[in-house]
Structure formats: structure tokens, C-alpha cells
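1. task: produce atomic coordinates for the following.
(2 chains)
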2 protein chains.
Amino acid sequence: MKSDPHSAGEFAFIAALAAKAAKTPEALGLGDDGAVLWMGDGRKLVLVADMLQAGIHALGDAAPAQIACKALRTNLSDLAAMGAQPAFYLSTLCWPKNTDAAQKQTLITALAEEQERFGISLIGGDTIGGVGPFTISITMLGWARGPLLRRAGAQVGDDIWVSGTIGDGVLGLGVAQGFISVAQEADAQFLRRRYEYPDPRLSLGIKLASLAHCAIDVSDGLIADAAHLAAAANVCLCLDPDRVPLSEAARGWLGREADRENALETLMAGGDDYELLFTVPVAERALVKEISQDIGLPLGRIGQVIAGQGVRLGKEGGPHREPRQTGFTHF
Amino acid sequence: MKSDPHSAGEFAFIAALAAKAAKTPEALGLGDDGAVLWMGDGRKLVLVADMLQAGIHALGDAAPAQIACKALRTNLSDLAAMGAQPAFYLSTLCWPKNTDAAQKQTLITALAEEQERFGISLIGGDTIGGVGPFTISITMLGWARGPLLRRAGAQVGDDIWVSGTIGDGVLGLGVAQGFISVAQEADAQFLRRRYEYPDPRLSLGIKLASLAHCAIDVSDGLIADAAHLAAAANVCLCLDPDRVPLSEAARGWLGREADRENALETLMAGGDDYELLFTVPVAERALVKEISQDIGLPLGRIGQVIAGQGVRLGKEGGPHREPRQTGFTHF
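-> I've put the predicted structure just below:
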């Protein structure tokens, strides 16, 4: 469950209304990326919901089809962070008045392709002709058969790992908004695609379910999401900025920035990467590398869980400091 | 699953994307008010989703708390139409920029009351600060233990029944918009409340599950929803306008209309009543009356299923005609 980080009232909303669910035997307590219903036959049904709106989570002139795909993928990323296999979704969406039929058909085609790609299918929903911008809400359902990945569970001494590369999301947004420029057009396209069509790390999540102590998907930004893991387990996540994996495009951008340390932190604070951040006991490094090879996805070891609270930046065993940027940095 | 009746493209949207789900063993084919997942332990999980927006499903200046309550209740009504017992919901919502904290608190308080009233609890969701009007999407989950109520199943010879009273919703909207006036202020308040806070007929739906041949909730309007039942079973629903149950407030309004027949049809075509419309074999009339007494809700017998297609208006056994109004009538 997520809420706008700029509005503390939202947390009250969740806390006030979810208190009752936490008491029912079928529903998991909240605070993770999704809710869980125990099915009685050993399976767990995991449910997540996200709303995306043109002008907020996408540029105001972004195509509804792209926003809808991103909505599916961010929900799938939430399932990945819980180690669940996606199955079904419900979609409610609001078309602006006078949307033409071609745009609607483009969205249908795009969602049909996403359904094939991710093995999911629509089971319900609602469409309205509204007065606002294009808005889509997805409720995604997935199955977990083994243990669930949770946010809480990081232990002092654990390695901290992250999948893929970090910072592409915020750079892609910057490219799309025209606030940053990159040397190569191919880099611009790569970064923008990373922002618009994130890759939910579903295979990784399922494989991590019986290995990782905790996991979260990087949506608010590496530093902010590391802070969520730290808070959930009352420990400190110490990240080494020099170990954070960067794409070639991000490295190119970083190389042209005057203040490298600050720029690197901007990438770590930026959101929309939709990679998985997780912690694993040091003794299991070989297993993590095996998983990485199995699924063909680089996994980077970027720090250690230490005693304390919150997020610190520094090399392993060396001095460490507070991050200067904590998330939602805009260019 | 619903869609904007003014836009044929929406039906393509549903048909195109739901085709795959219909092939999976766990999901019911669509066309009913909700999707169903078989749980393996005999239970069925019923899922419905609806989106409501200020300015579309409520007046532009309606309080977010009222819209949110209506969103819960319309989803609950969809569960009622399937004979399911509500349990959990996920909520995604968009606050307009600069919404004050008091309005958010009012919504939390209102939803907490609704949770108590209907025995439901929030298990997930998302809140965003958006650029559009207040918008809320609810995914409601319920359990069905016995047979499910379905839209398809009406048989020639069945009695047609409807719960409560019809036409209050459209009159309540008219009152709220200032397009119609009623003699008594108490009537105005009653009608407006019927429009803003519909009563989902949950107890009725559960009791009908093993009795009725089919059911639907009256959201598009009595005539339009009767047409849905007719189409699902390839039969004709013949309704007697003089038997349609009306509230005292609606009767008062009707009595002052010059063209009674046309005005009555306006009530039958208007939406937002959220009563249950269902068909039952003639032999079970006594059982329906028993249910009515058990739950303290009037149930009116308003016509018969006959051979043919669509909806006709007329007295039992007499001549019948096409409705002149078919739904979404506005004053």
C-alpha cells in the first residue's frame, strides 16, 4: 500500500481504515506492498492496487496506452516485491471527454500485448468518461505458494543487493521533460523507456522468496526505499554509492556532471526504477549469483545492514554519513 | 463489469482483454457484475470494481466523503447482485490539489462508519494528489459459499420482482441539480439521500442465491437493467408500469406531472436506484414473500418473463409495447 509521501494525512487514512483488517484471520497486516488472503488450500492470494494519472505519474501529454502499461507494470512490480506470480487484474479508468476511438484501440492493443507478456488477464473493471485527465487504477492479483517476501526482516550483517541499474527512471523523466540532455539519442531513448515501461522483476521476486530476509521495489527511490526496509526492521542500511549499479547511459550522464558525488546521490534518490532491493545473509552470496545467472539479470551487492536506524552512505567498514537527498528529487 | 453505455468502444475493450481470462479454470466468464475465483476449498471469491468521479457520478461540488461512500455502496450493490457477502476492499483515490486536511479527515471518518455498517475492511490501495477532480476507484471482495446469482437464467413464465422502490435515484439527482422540485422538503431530502447513499441489498442477494433464476442491480435504470437480464437469457421481460413500486416522494412527484405515463417511464428509465431486479418461478411466490418479511424489505412483483427479446411494457396477459425511454434520461 502506498501513499503520497508529501501528505502525512494519507498515512492516517491507511492506519485508520486498515486497523480492522489487521484483526481478521484471513488478511495480512498492512505495511507491505500488498495485502494477502490465505485461501485455505495453502495458496496465498496477493492483492495490490495503484492509480496513475496523466500529468502526475506521466507527462500530461503521455499516451493513455503508455500510462496504462506503466500502471500494469508498477502493480506487477509490487507483486514481484512480495514474491508472487501475477494472474489477474481489474482495471478502472477514466477517459477524458472526446477521446477518439483510435486512442482507445491503441490502449486495448497495448494491454493485450502486456497480458501476453506477463501471463495476466483482465477479470473486471469499469470505464468512465470523465472530466479529468486520463486516470487508471489497477488492482493486480497474484498467487504465492511458498513463503512471502516481506518488507520487514533485514538483519544486521546482511548484504544489501539491488537488481538491474539505478537512476534510469529519474533520468528518463528528466529526458522526457527536457530538463536533462544526454550525448547519444540512443541513451535518451533507453532512459525514457526505462521510465515509461519499467520491467517488473517477477522471476527474481519468486526466486528470492525463500532466500532474502526482506525486499521492496524501488519506486520512491533507492534511498527512500532502503529507509522503508530499515524502518520495518529497526536497523540501518548502509549503502556504498560507488557500488550502485548504473546503466551505460546513466554513467555517461554522471561523467559530465561537475559534482559527481551529488549527482550520484541524485540517481540514488530518484524514483521509478522498479528494481528489487533486498537483503541476504553474507553466507548466501553464491546463491544470489546463481539466481542472477539463472534469470539473466545482474544483481549488485551495494552495502550492508548495520546496527542503527535509517540509511547511511559509505564504504563497508568505513565512515558513513547521512544522505543529503532523500527522494523525489527533481531537476 | 460495467462500461459507459454511450461508448461502444468500451465493450470492445472488455471483450478483447477478457477473452483470455474466460479460458482459465479459476475465473468465471465475464458479463456479470463481477468476477469469481474458485478457491479450492469450496468458497468463491467475488471481485467487483467501480470508479466514481466528482462532476460525473456526483455533482461537481459533492463532498469527497459522500462520493467515497457511494463508491463503496455501488460496489457493494454489485456484490449483492451476485449473492456474495462483502469482506474486503482496496481503494485508490485522487485528491484534487490543495484539498484541506479537514476534508480528508471527514472522508476517513465516513469510510470508518461504512466499514462498521457493512462489515468490510480496507486491505490496500493508493492515494495520489492529482490534477483532476476527486476520483475514487474501489475493488470490493466478497465471499459466496452457495450458488452464485447470475445475470443469465431468466426463464419464460418466471415472475419478475424488484426490491424497494424505483425512480428515487433519478429524482434525487434532479433535486440535487435543481432541475426538479418536490412539494415537501422532507421528500427532497429523502430523494437526495437515495441518490447519494444507496442501500446495497446484501441480505436479499444472499437469500436469493438459491432461489432466483437471475438477478442484477438497478444501476443503469430499471428498463436498461431488465434489458440486460433479457439479453443474457434470450427472453423478453414484460414489465407492468402500474406495478412498479414507488416511494411516497416519487408518487408525490408523479401526481403533479401532466403526462403520467411518460413520467412513470422516466422513473423506470432513470438509474442509480441500486435495488435488485430478479426473476423467480411462479410457484415460489410464497418463498419470496417470506424473504421479504424476514429481511424487512418490500419486494414487488412487476411483470413476467415471456418469449421474445428485450423489454416490453404492459399488463400481464395483455397487449404490450416498446418502452419509449431506455435509460440515462436526464431532466
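2. ok, which residues in the stretch 101-250 of chain A are in contact with chain B?
-> Counting by CB under 8 Å from any CB of the partner chain, the stretch 101-250 of chain A comes close to chain B at A:101, A:104-105, A:107-108, A:111-112, A:115, A:121-133, A:135, A:137, A:139, A:141. Any C-beta I mention is one placed from the backbone N, CA and C, and that applies to glycine too.
3. buried members of these into PyMOL, please.
-> The following PyMOL line selects those of these that are buried, judged by 16 or more other CB atoms under 10 Å in any protein chain shown:
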select buried, chain A and resi 104+107+108+111+112+115+121+122+123+124+125+126+127+128+129+130+131+132+133+135+137+139+141
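4. so where's the stretch 201-331 of chain A uncertain?
-> A:327-331 (pLDDT under 70).
5. for the one residue in it that gets nearest to chain B, what are phi and psi?
-> Going by CB to the nearest CB, chain B is nearest to A:Ser219 of the stretch 201-331 of chain A, at 11.0 Å. Dihedral angles phi and psi of A:Ser219 (degrees, to the nearest 10) take the values phi -110, psi -40.
6. that one: what's it in contact with?
-> Each residue near A:Ser219 by CB atoms under 8 Å, 6 or more residues apart in numbering or on different chains is listed here: A:Lys2, A:Thr74, A:Ser77, A:Asp225, A:Gly271, A:Asp272, A:Asp273, A:Tyr274.
7. okay, now the fourth one: neighbour count?
-> What that stands for is A:Asp225. Each residue near A:Asp225 was counted by other CB atoms under 10 Å in any protein chain shown, and the total is 26.
8. other SSEs contacting the helix or strand in which it is found?
-> Taking DSSP states H and E as the definition, A:Asp225 sits inside helix A:222-233. On a contact count with 3 or more CB pairs under 8 Å, 6 or more residues apart in numbering or on different chains; DSSP states H and E, helix A:222-233 meets strand A:214-217, strand A:236-239, helix A:260-269, strand A:276-280, strand A:310-314.
9. of the contacts of A:Ser219, buried ones?
-> The neighbour-count test (16+ other CB under 10 Å) marks A:Lys2, A:Thr74, A:Ser77, A:Asp225, A:Gly271, A:Asp272, A:Asp273, A:Tyr274 as buried among the contacts of A:Ser219.
10. out of those, list just those in helices.
-> A:Thr74, A:Ser77, A:Asp225 (DSSP state H).
11. wait, isn't A:Leu141 in contact with A:Ser91?
-> No. Using CB atoms under 8 Å, A:Leu141 makes no contact with A:Ser91, being 12.0 Å away.
12. and the residue of the stretch 101-250 of chain A closest to chain B?
-> A:Gly132 (2.2 Å).
13. just the pLDDT for that residue.
-> A:Gly132 is assigned a pLDDT of 85 by the prediction.
14. again, but for A:Ala35
-> 85.
15. can you list the domains in chain A?
-> As given by automatic domain parsing, the domain ranges for chain A are A:8-144, A:159-321.
16. quick check: end-to-end length of the longest one?
-> The first residue of domain A:159-321 is 18 Å away from its last residue (CA to CA, to the nearest Å).
17. gap between that domain and the chain center?
-> 10 Å (CA atoms, centre = their mean, to the nearest Å).
18. follow-up on the earlier one: farthest-apart pair in the contacts of A:Ser219, please.
-> A:Lys2 and A:Asp273 (15.1 Å; CB to CB).
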